[in-house]
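Chemist: Whatever this is, show me its structure:
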Amino acid sequence: MRWLSPILALLLACPALAAEHVVMPGGDSLARAIAGAVPGDVLQLQDGTHAGPVTIDRPLTVTGTPGAVVDGQGQGTVITIAAPDVTLRGFSVTGSGGVNKDLDAGVKILKGADRAQIRGLRLSGNMHGIDVHGGRDAQVIGNEIIGTRHPHMNERGNGIYVWNSPGTLIEGNSIRHGRDGIFSNASADSIYRGNLFRDLRFAVHFMYTRNTEVSGNISIGNHLGYAIMFSDRAVIRDNFSLGDREHGLMLNYANNADVTGNLIRGGTRKCLFIYNAHRNLIWKNRFQDCGIGIHFTAGSERNVLTGNAFIGNREQVKYVGTRHVEWSHDGRGNFWSDHPGFDLNGDGIADGVYRPNDLMDHILWSQPAAALLTGAPAVQLIRWSQQSFPATLPGGVQDSAPLMRPLSIPVPPEIEAYEQEVAGRWAKGTYDEFDPDDLATH
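Modeler: Numbering: from 1, shown residues only. Down below sits the predicted model:
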């Protein structure tokens, strides 16, 4: 008899005893269905409006079609997940509260609510779309998130906010409007892959994040593509930044990153901005049609740049510093579209060293008014002298093994169509109060 109680408990928790329940819209039917369910049950939401907010405090699956709408009625978070092994799939979520500091959201995953799965939801009209707030190993896959459009971008919510939630997988989501697409803060060991970001402040924003992969994502028409800040061991691979406004990619106090295979093209003030970032590998990327190809400053050291292509940027390199910096590795440098090099032995490496900046560039950076003298004979004489006598050049960047051919990164036709939609978007200047160089606005 002493074994009877454990056996009964095991039988009661067995998934075989789980049942499917149809939940009709109206009133508090969803809250009552959750309260009456046992772990493992499946709640099938019928089309119509289901009142929230609700809290899921036991392992359940909640499914529906986009016609089934859970509406938070402007109160706090619409669906709070407070138990492990919860799955939400297929329906719509709207009507969260509007208090940003409280992180009102469409869906919130709390600490201890591990292994949550959020799949195929449509979230709109919420302050934040999905807040992964402490739960481990969450999967956020294939959702459509449409954020708010407050006239001040910094007062909007994020599409997906990840805080202290190791093991999060965010894959195949479409995120539009709001503040940041994914804001990862104090989190680690996660993968953000194959997402589409449009009309946002930052597509991906890291703060104090470590060992996280950002791969195969597409950022189009945002104010900034990928902002990796105060973070360690990020993998930024095979992403697109197309027609973003300020920076395609920013490494700010970011160390030990692997930046490989990314395409940053068009509309952007700076393709790549490196500020006080160390020991990063920047390899096989294509930086094209930006105001500045790469802005490199604030004592960044021991970075390896090789195999990249810098094409058609108005200024290929802006290096603020006096040290000599070599941008080639193991006899291979980068392709520079403005380098009139020759390759007499046909090895694919130009015979001459590439130096993007001279003394006059340094003067123009520190004294912009000197631009009025750019065409003066004295300035031309200084530049001719430095080209003829390289020993007179100041410290700066050089590529001792520039490549003769650029790498190509193709863009699928459907993504090019999105890119064409935002062409010329930033020609009229600033559209809100956001300043990417002011850390207080982040």
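
Chemist: can I assume Leu305 is in contact with Ile282?
Modeler: Yes - counting by Cβ atoms under 8 Å, Leu305 does reach Ile282; the two are 4.6 Å apart. (Each C-beta comes from the backbone N, C-alpha and C, glycine too.)

Chemist: where in the stretch 301-442 of the chain is pLDDT low?
Modeler: 322, 357-376, 378-395, 428-442 (pLDDT under 70).

Chemist: And for the stretch 51-200 of the chain?
Modeler: Those would be none, if you go by pLDDT under 70 across the stretch 51-200 of the chain.

Chemist: same thing but at 90, please
Modeler: 101, 150-151, 153-154 (pLDDT under 90).

Chemist: which phi and psi does Tyr418 have?
Modeler: Phi and psi for Tyr418, reported as degrees, to the nearest 10, are phi -60, psi -40.

Chemist: Please shift the residue numbers so they start at 56 in all later answers.
Modeler: With 56 as the first residue, the last one maps to Tyr473.

Chemist: does it really touch Ile275, like I thought?
Modeler: Yes - applying Cβ under 8 Å, one finds Tyr473 in contact with Ile275, separated by 4.9 Å.

Chemist: Which neighbours do the two have in common?
Modeler: Arg253, Leu297 (Cβ atoms under 8 Å, 6 or more residues apart in numbering).

Chemist: Neighbour count for these two, which is higher?
Modeler: When Tyr473 and Ile275 are compared for neighbours, Ile275 comes out ahead with 25 against 18, by other Cβ atoms under 10 Å.

Chemist: what sits against the more buried one?
Modeler: Shown in contact with Ile275 (Cβ under 8 Å, 6+ apart): Leu251, Phe252, Arg253, Phe295, Leu297, Gly298, Asp299, Ile470, Tyr473, Glu474, Glu476, Val477.

Chemist: tell me which of those residues is nearest to Cys345?
Modeler: In terms of Cβ to Cβ, no member of the contacts of Ile275 lies closer to Cys345 than Asp299, at 9.6 Å.

Chemist: and that closest one, how many neighbours?
Modeler: 32.

Chemist: And the nearest residue to Ser179 once chain neighbours are set aside, how far from His188?
Modeler: Nearest residue to Ser179 in three dimensions, chain neighbours excluded: Ile201, at 4.1 Å (Cβ to Cβ, 6 or more residues apart in numbering). Distance, Ile201 to His188, by Cβ to Cβ, to the nearest Å: 21 Å.

Chemist: So if I had to pick from the two, which one is more boxed in?
Modeler: The neighbour count for Ile201 versus His188, taken as other Cβ under 10 Å, is higher for His188 (22 against 19).

Chemist: what packs against the helix or strand hosting the more buried one?
Modeler: According to DSSP states H and E, His188 maps onto strand 183-188. In terms of contacts (3 or more Cβ pairs under 8 Å, 6 or more residues apart in numbering; DSSP states H and E), strand 183-188 is packed against strand 160-165, strand 215-218.

Chemist: wait, Glu268 sits on Asp244?
Modeler: No - between Glu268 and Asp244 there is no contact under Cβ under 8 Å: 9.4 Å.

Chemist: Going along the chain, name the strands of the stretch 356-497 of the chain.
Modeler: 359-361, 364-366, 370-374, 380-381, 390-391, 452-453 (DSSP state E, counting those that start in this stretch).

Chemist: mind putting those strands in TSV, distance to Thr118 and mean neighbour count included?
Modeler: Below are the strands of the stretch 356-497 of the chain laid out as TSV (distance: least, Cβ to Cβ, whole Å; neighbours: other Cβ atoms under 10 Å):
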stretch	distance to Thr118	mean neighbour count
strand 359-361	48	20
strand 364-366	47	23
strand 370-374	53	21
strand 380-381	56	16
strand 390-391	51	23
strand 452-453	56	20
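
Chemist: ranges for the helices of the stretch 56-205 of the chain?
Modeler: With helices called from DSSP state H, counting those that start in this stretch, the stretch 56-205 of the chain shows them at 59-68, 84-91.

Chemist: looking at those helices, which has the lowest confidence?
Modeler: In terms of mean pLDDT, the lowest-scoring of these is helix 59-68 (a mean of 47).

Chemist: returning to that earlier point: go through the helices and strands packed on strand 183-188 and name the closest to Leu178.
Modeler: Short answer: strand 160-165, nearest of the helices and strands packed on strand 183-188 by Cβ to Cβ, at 4.1 Å.

Chemist: Report the angle between the closest one and strand 183-188.
Modeler: Going by axes from the mean of the first three to the mean of the last three Cα atoms, to 10 degrees, strand 160-165 is angled at 10 degrees with respect to strand 183-188.

Chemist: what packs against strand 160-165?
Modeler: strand 134-136, strand 147-149, strand 183-188.

Chemist: Kindly export the last one (C-alpha atoms) in CSV.
Modeler: Going back to what we said before, that points to strand 183-188. Extracted in CSV, the C-alpha atoms of strand 183-188 (Å, rounded to 0.1, in the frame of the first residue of the first chain):
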residue,chain,number,x,y,z
HIS,A,183,6.4,44.7,-26.6
GLY,A,184,5.7,41.7,-28.7
ILE,A,185,7.3,38.8,-26.8
ASP,A,186,9.3,39.3,-23.5
VAL,A,187,11.5,36.3,-22.8
HIS,A,188,12.2,37.3,-19.2
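
Chemist: Since that was my last question, I'll sign off now.
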